[in-house]
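**Q** Output the structure for:
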Amino acid sequence: MTYVHKSNNNDISAYIHIPFCEHICYYCDFNKVFIEGQPVDEYIEALLKEAQLLQEQYPATNNKTLYVGGGTPTSLSALQLDHLLGGLREIMPFTDGEFTVEANPGDLTADKLNVMKNYGVNRLSMGVQTFDNRLLKKIGRKHTAEDVYQTIALLEEKDFSNVSIDLIYALPGQSLESFRDTVKRALELGLPHYSLYSLILENKTMFMNWVRRGKLQLPDQELEAQMFLETIEAMTKAGRLQYEVSNFATPGFESQHNLIYWNNENYYGIGAGASGYLGNLRYKNHGPIQHYLKPLKEKQLPIIEEEILTRKAQIEEEMFLGLRKLSGVEKQKFYQKFNCSLGEIYQEKIDQLVADELLIETPKALQLTQKGLFRGNDVFEQFLIEKNG
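**A** All right, here's what the predicted structure looks like:
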């Protein structure tokens, strides 16, 4: 790994990637494989070896957050989960921060939840996507709405209260009525956190192939915008405040791990295809599992790409990640990081975006307006320094 500029702050969060799934969804382009016949135990050993190597070479004094995502972490058996989480707790200097595991409805068992509790997992993120069984089938999910209710009942029984669910809107064939029903049923669960994403067509997914062949119709942009607007209204009314473009929480239950990304702070990316950010280095691991395992057998980090970020690139990232938060980019924090003010670099651009009613500038921060929320990408690209001459 290349030389890394060390920051004074040795708080480094960690994302741990489990690429295995019991079923591949039609819209998903994450690094994942069908679990059957895969070297799962060997992969867990390699993950722990990578965590150890990172700790030795880029030591953290504390992990603010741990996040086990995928793929489907709950596709692991209780025994495999025990080995993974136990190993992570031994290696990582994690004390009492947020420890999240992603789960699929229907995959969670009492045994797996007991293992998680035992190792201090205190937050679960569950991929629900929709409560419409017809649509679930259409997008290739193997769970049903009934599975969601059963899993929530199990979580209540096991006293797991910090639960988030992901929903996707603008699905093929999704009507406004179906979407409203999903949001209503989601909020009736009374959970502290909800993430709502519009469907993005990715290359190499079955959905993209079907759209290209004219076999799939997606809702138009107007309907998608209506769904987003109604989401914000319903969530706000239910006391789940929008703190990031796609995320809503009861105050105090915001995802601390995702805030690490949006605040442009450091994190290890551990696992096949995972990305990390250390000092001024962004890196990405080998994606295919055998390519990932090979260097670790020789006690080498499994990195395939690395980029030392220039100051300019760090500033750009600070802007387009930070503006995703409703609290925006804080002027004082920006100054502390880069030793110059926002205005010195961007004032002309800021004035224009304020005049266009896409941004609000206060003495303390720069924030998206509601109109800006709907046109986020248009706003973010204005902060690429090249674009501004």
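**Q** Surely Thr151 touches Lys112?
**A** No: in this structure Thr151 lies outside contact range of Lys112 using CB atoms under 8 Å: 11.0 Å. No exception for glycine: its C-beta is placed from N, CA and C like everyone else's.
**Q** any idea which helix or strand carries the residue nearest in space to the middle of the chain?
**A** Nearest to the mean C-alpha position of the chain, counting by CA atoms, centre = their mean, stands Asn258 at 6.0 Å. Per DSSP states H and E: Asn258 is located in helix 256-262.
**Q** same question, Ile152
**A** Using DSSP H and E, Ile152 maps to helix 145-157.
**Q** Can you list the buried residues in that helix?
**A** In terms of neighbour count (16 or more other CB atoms under 10 Å), helix 145-157 has its buried residues at Ala145, Asp147, Val148, Thr151, Ile152, Leu154, Leu155.
**Q** Could you chop the chain up by domain?
**A** 13-262, 331-388 (automatic domain parsing).
**Q** Which of the ones you listed sits closest to Lys297?
**A** Each of these has some distance to Lys297 by CB to CB; the shortest is domain 13-262, at 8.0 Å.
**Q** chain center to the closest one: distance?
**A** Remark: domain 13-262 is offset 8 Å from the chain centroid, using CA atoms, centre = their mean, to the nearest Å.
**Q** what about it, average pLDDT?
**A** For domain 13-262, mean pLDDT is 90.
**Q** Could you work out the end-to-end span of it for me?
**A** Taking CA to CA, to the nearest Å, domain 13-262 runs 13 Å from one end to the other.
**Q** now stretch 297-312
**A** Using CA to CA, the end-to-end distance of stretch 297-312 comes out at 37 Å.
**Q** okay, now Leu241: neighbour count?
**A** Leu241 has 16 neighbours, counted by other CB atoms under 10 Å.
**Q** related to what we said a few turns ago, list the helices and strands the helix holding Asn258 packs on?
**A** Where contact means 3 or more CB pairs under 8 Å, 6 or more residues apart in numbering; DSSP states H and E, helix 256-262 is packed against strand 13-18, strand 65-70, strand 98-103, helix 311-322.
**Q** Those into a markdown table, with extra columns for mean neighbour count and distance to Ser161?
**A** Formatted as a markdown table, the helices and strands packed on helix 256-262 follow (neighbours: other CB atoms under 10 Å; distance: least, CB to CB, whole Å):
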| stretch | mean neighbour count | distance to Ser161 |
| --- | --- | --- |
| strand 13-18 | 25 | 22 |
| strand 65-70 | 24 | 18 |
| strand 98-103 | 24 | 13 |
| helix 311-322 | 18 | 29 |
